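# Need coordinates for the below:
(chains A and B)
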Amino acid sequence: AQSVAQPEDQVNVAEGNPLTVKCTYSVSGNPYLFWYVQYPNRGLQFLLKYITGDNLVKGSYGFEAEFNKSQTSFHLKKPSALVSDSALYFCAVREARANNLFFGTGTRLTVIP
Amino acid sequence: DAGVIQSPRHEVTEMGQEVTLRCKPISGHDYLFWYRQTMMRGLELLIYFNNNVPIDDSGMPEDRFSAKMPNASFSTLKIQPSEPRDSAVYFCASSVGLAGVKQYFGPGTRLTVT
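A predicted model of the protein is given here:
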């Protein structure tokens, strides 16, 4: 069975500081991992994905994520947070041979000026 | 490209009424997904289609919900009769392929059932 966990409902960070949004997953095979962002009253927007290859994945708006197989984690990071990064972030996982994409419950990121 | 289009953006209806949500996927995309987002349950996949054929509807909460895709450019999600607990934001998404590809989400329909 597939599952994904985002242990933090809320993350606050000061503008200019590095940010991390955590995600752990559980699949029985090779995972496909995704990060999406949702701004108020908008649909989800794709940020980045890990399929295979380099464990460090770079995505949109300066975000990156590191795939850690031993810790079954795929944490989202950014070296320097912007106020405009404030949004709801979703981690998602799909087992390579499965059909469904499972989303985490989301983490609300607030960047404080 | 206009992206995934959903209508209406907001719907307020009374309990017992029929509600129809509409989605136009991105042209050329062969997969279409319907999701529901609530505070309590987060984002849930309801059903998805491949080439207009429903593939997995195990997420549809009950028989009051039905979805159709009569052609590659149009899908509907219908709730009949609607109940207050159906209040949520319903998203449509589309993609080219399934595994390992990103989905493009529409802006969502905010449904309120009173």
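# quick one: A:Val13 and A:Thr107 touch, right?
No: A:Val13 is beyond contact range of A:Thr107, at 11.5 Å (criterion: Cβ atoms under 8 Å). For glycine as for every other residue, the C-beta is placed from the backbone atoms N, C-alpha and C.
# how near is A:Asn41 to chain B?
Remark: distance between A:Asn41 and chain B (Cβ to the nearest Cβ, to the nearest Å) = 7 Å.
# Could you measure from the closest residue to chain B within chain A over to A:Asn17?
At 3.3 Å from chain B, A:Gly43 is the closest residue in chain A, using Cβ to the nearest Cβ. A:Gly43 is 28 Å from A:Asn17, where distance means Cβ to Cβ, to the nearest Å.
# Between those two, which is the more surrounded one?
A:Gly43 (22 against 12; other Cβ atoms under 10 Å in any protein chain shown).
# Number of residues surrounding the closest residue to that one other than its chain neighbours?
Leaving aside its chain neighbours, A:Gly43 sits nearest to B:Phe105 (3.3 Å; criterion: Cβ to Cβ, 6 or more residues apart in numbering or on different chains). Neighbour count of B:Phe105, defined by other Cβ under 10 Å: 23.
# cool, the one 5 residues further on as well?
Around B:Arg110 there are 16 other residues, counting by other Cβ under 10 Å.
# can you tell me which helix or strand it belongs to?
Per DSSP states H and E: B:Arg110 is located in strand B:109-113.
# packing partners for that strand?
On a contact count with 3 or more Cβ pairs under 8 Å, 6 or more residues apart in numbering or on different chains; DSSP states H and E, strand B:109-113 meets strand B:10-13, strand B:19-24, strand B:88-95.
# one more time with 6 Å
Under the contact criterion of 3 or more Cβ pairs under 6 Å, 6 or more residues apart in numbering or on different chains; DSSP states H and E, strand B:109-113 touches strand B:10-13.
# ok, the strand it packs on: who's next to it in the sheet?
strand B:109-113 (parallel) (DSSP bridges).
# Which residue ranges of chain A form strands?
Per DSSP state E, chain A carries strands over the ranges A:3-5, A:10-14, A:19-21, A:24-26, A:31-38, A:44-50, A:56-58, A:64-68, A:73-78, A:87-95, A:102-103, A:107-112.
# what inclination does the fifth one have with respect to strand A:107-112?
Inter-element angle recorded for strand A:31-38 and strand A:107-112: 50 degrees (by axes from the mean of the first three to the mean of the last three Cα atoms, to 10 degrees).
# Note down every partner strand of strand A:31-38 and its orientation.
strand A:44-50 (antiparallel), strand A:87-95 (antiparallel).
# List the contacts of stretch B:67-77.
Surrounding stretch B:67-77, the residues in contact under the criterion Cβ atoms under 6 Å, 6 or more residues apart in numbering or on different chains are B:20-24, B:32, B:34, B:47, B:49, B:52.
# what's the answer for stretch B:88-101, then?
Residues contacting stretch B:88-101 (Cβ under 6 Å, 6+ apart): A:32, A:43, A:51, B:4, B:6, B:21, B:23, B:25-26, B:29, B:31-38, B:103-106, B:108-110.
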